[in-house]
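**Student:** Fold the following.
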Amino acid sequence: MRRVLLPLVLALAGYYALFGGEYTQADVSTVAAERDEAVRELARAQALNDSLRARADSLQNHDGTLETLARERFGLIRDGEIVYRFAGPPEGRNHLDNDGEGE
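**Tutor:** Take a look at the predicted model:
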């Protein structure tokens, strides 16, 4: 009787551990996957945060960065500088065609 009862009890305990109780193996797997996704999201957020901190530091402490931003975004120039702007080809025309006919 003991030879039959011990394996049966162990089998029932194993079944209960995997599929019964408060946390099943499926629940544990789901929570582990959610944790892994949260860790990846945290890493992405930390990388973005580091990038933004570096950008803020550059804008606050490096005049060249601020000057570059002002020139590129707002078209600002220094006294005595001359700005040359080049217009693109008119819409509907190929810049290689002189007579306006397409290829």
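**Student:** tell me the SS of the residue positioned nearest the centre of the chain?
**Tutor:** By Cα atoms, centre = their mean, the mean C-alpha position of the chain lies nearest to residue 44, the distance being 5.5 Å. Here residue 44 is recorded as helix under DSSP: H, G, I helix; E, B strand; the rest coil.
**Student:** From residue 77, how far out is residue 63?
**Tutor:** According to Cβ to Cβ, to the nearest Å, residue 63 and residue 77 sit 16 Å apart. The way it works is simple: take the backbone N, C-alpha and C, and place the C-beta from them, glycine included.
**Student:** The two - which one has more neighbours?
**Tutor:** Applying other Cβ atoms under 10 Å to residue 63 and residue 77 shows that residue 77 carries more neighbours, namely 11 against 8.
**Student:** just the helices in the protein please.
**Tutor:** Counting by DSSP state H, the chain has helices at residues 2-19, 25-61, 63-74.
**Student:** For burial, what's the neighbour tally of the closest residue to residue 18 other than its chain neighbours?
**Tutor:** Setting aside the residues directly before and after it, residue 18 is nearest to residue 25 in space (Cβ to Cβ, 6 or more residues apart in numbering), at 4.7 Å. When neighbours are counted by other Cβ under 10 Å, residue 25 registers 12.
**Student:** Pull the contacting residues for residue 25.
**Tutor:** 17, 18, 19 (Cβ atoms under 8 Å, 6 or more residues apart in numbering).
**Student:** got a list of what the last one touches?
**Tutor:** Translated: residue 19. For residue 19, the contacting residues are residue 25, by Cβ under 8 Å, 6+ apart.
**Student:** Can you give the distance from stretch 64-84 to the centre of its chain?
**Tutor:** 31 Å (Cα atoms, centre = their mean, to the nearest Å).
**Student:** just stretch 26-36 next, same as before
**Tutor:** 22 Å.
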